[in-house]
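> what follows is a predicted structure for the sequence shown.
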Amino acid sequence: MQNNFSQKNIILTGIPRSGTTLTCYLLNKLPNCVALHEPLVPFELVEKDKESLIDFLVQFFKKQRSEIIQTGQARSKSFGGRVPDNPLAGLDSNTGKRIRILDGRSIQINKPLNPDFSLVIKQPAFFTSILKDLIDSNCFNCFAVVRNPLSVLLSWNTVEMPVSQGRAPAAEAFDLELSKTLQAIPNIYDRQVYLLNWFFERYLELLPRNHILMYEQTISTGGKSLSIIQESASGFSETLASKNSNPLYNEDLKALLLSKLLSKKDAAFWSFYSQADISNLAVTN
């Protein structure tokens, strides 16, 4: 199966809470580029076989392109008609956990676009679970976002999301072995570490290294590192602040999670981050 827009139909996946929505937010600032935040409902697609699923996604990209050109709107989770930089910017005063601020299912595109504009669709867990099929289809240009493992785990524990329980339903629905393994791990933090490493393993195995974007590089370059997705990002000079350290993060939990990460000697995340990267974060105030 071939698609004339394969290089312009961009799959963006990544570890939940690694900066995938920030990536979409930044890409939407660029000319001739539209990035959508989780427009799909993966559970509606579970019954499709591999070929049907890929065909559905190709047609979905095509339909969104048509809608954008014809109406200036696209299907996407949104806040105020736009993709926000952080979808969990709210705070529950009762639990102290971060909550979603999303309020819509569409965005408005208020910029001129060429017919061959870059269309980015972001679905972290779902796209990670079917990443091999997406790559093998040659219909999409695939990228993933990763982040310091300790900061990811700490973030997971401050949000009302399945990852806070060490689960990823949108991935498990398409990877039954992952679901079975997670179900068998009784300790919540061991389950989180296993799930985190599963994401890293998939990207390490399936993607070229330059298609794996590090959150820290996005921040330190002011967005310029996103030029691998959209060349015009090389002109970015955004003022971005790292959220790897956060006063919401519990110090006792930080020490516990650090010890669990350091005990995983052969984990895939060591191919991206050193022990110093993780340990230094643990002592950062």
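Received the coordinates, thanks. Treat the numbers as computed from the prediction; the structure is a model and nothing was measured.
> any weak-confidence spans in the stretch 151-285 of the chain?
Under the criterion pLDDT under 70, the flagged ranges of the stretch 151-285 of the chain are 284-285.
> what do you get if the cut-off is 80, keeping everything else the same?
247-248, 283-285 (pLDDT under 80).
> can you give me the helices in it?
Remark: helices assigned in the stretch 151-285 of the chain by DSSP state H, counting those that start in this stretch are 169-172, 176-183, 188-206, 215-220, 251-262, 275-282.
> figure out which of the ones you listed is closest to residue 117.
Taking C-beta to C-beta, helix 215-220 is the member of the helices of the stretch 151-285 of the chain nearest to residue 117, at 21.5 Å. All C-beta atoms are positioned from the backbone trio N, CA, C, and that covers glycine.
> which residues sit against the closest one?
For helix 215-220, the external contacting residues (C-beta atoms under 8 Å, 6 or more residues apart in numbering) are 18-19, 22-23, 26, 145-148, 225-226, 240-242, 244.
> just the ones of these in strands?
Within those, residues falling in strands by DSSP state E are 145, 146.
> show me which helix runs longest in this protein.
helix 50-71 (DSSP state H).
> what helices or strands is the helix or strand following it leaning on?
Following helix 50-71 in sequence order, the next helix or strand is strand 73-78 (DSSP states H and E). Contacts defined by 3 or more C-beta pairs under 8 Å, 6 or more residues apart in numbering; DSSP states H and E place strand 73-78 against strand 33-37, helix 50-71, strand 104-108.
> of those, which stretch is the most buried?
Mean neighbour count (mean count of other C-beta atoms under 10 Å) peaks for strand 33-37 among the helices and strands packed on strand 73-78, with a mean of 26.
> quick revisit: now render the helices of the stretch 151-285 of the chain as a markdown table, adding distance to residue 33 and mean neighbour count.
A markdown table is the format used below for the helices of the stretch 151-285 of the chain (distance: least, C-beta to C-beta, whole Å; neighbours: other C-beta atoms under 10 Å):
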| stretch | distance to residue 33 | mean neighbour count |
| --- | --- | --- |
| helix 169-172 | 25 | 21 |
| helix 176-183 | 32 | 14 |
| helix 188-206 | 22 | 20 |
| helix 215-220 | 15 | 19 |
| helix 251-262 | 35 | 16 |
| helix 275-282 | 30 | 15 |
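> now do the buried residues in stretch 28-48.
By neighbour count on 16 or more other C-beta atoms under 10 Å, the buried set for stretch 28-48 is 28, 30, 33, 34, 35, 36, 37, 38, 39, 40, 42, 45.
> look up how far residue 24 lies from residue 12.
Residue 12 sits 7 Å away from residue 24, going by C-beta to C-beta, to the nearest Å.
> find residues that contact each of the two.
Residues within reach of residue 12 and of residue 24 at once, by C-beta under 8 Å, 6+ apart, are 35, 120, 122.
> of all the helices and strands packed on strand 73-78, which lies closest to residue 160?
Closest of these to residue 160 is strand 33-37, at 17.7 Å (criterion: C-beta to C-beta).
> what's in contact with the closest one?
Defining contact as C-beta under 8 Å, 6+ apart, one finds that strand 33-37 is touched by 12, 21, 23-25, 27-28, 64, 68, 74-78, 83, 87, 107, 109, 113, 117-122, 230, 232.
> now it: how far from the chain's centre is it?
How far strand 33-37 lies from its chain's middle: 13 Å, per C-alpha atoms, centre = their mean, to the nearest Å.
> residue 141 contacts residue 13, correct?
No - the pair residue 141 / residue 13 is not scored as a contact, 11.9 Å apart, by C-beta atoms under 8 Å.
> of those two, which one has the most company?
More crowded of residue 141 and residue 13, by other C-beta atoms under 10 Å: residue 13, with 27 against 20.
> nearest spatial neighbour of the more buried one, skipping sequence neighbours?
Spatial nearest neighbour of residue 13, excluding adjacent residues (C-beta to C-beta, 6 or more residues apart in numbering): residue 127 at 3.7 Å.
> what sits against that neighbour?
Applying C-beta under 8 Å, 6+ apart, we find residue 127 in contact with 11, 12, 13, 134, 142.
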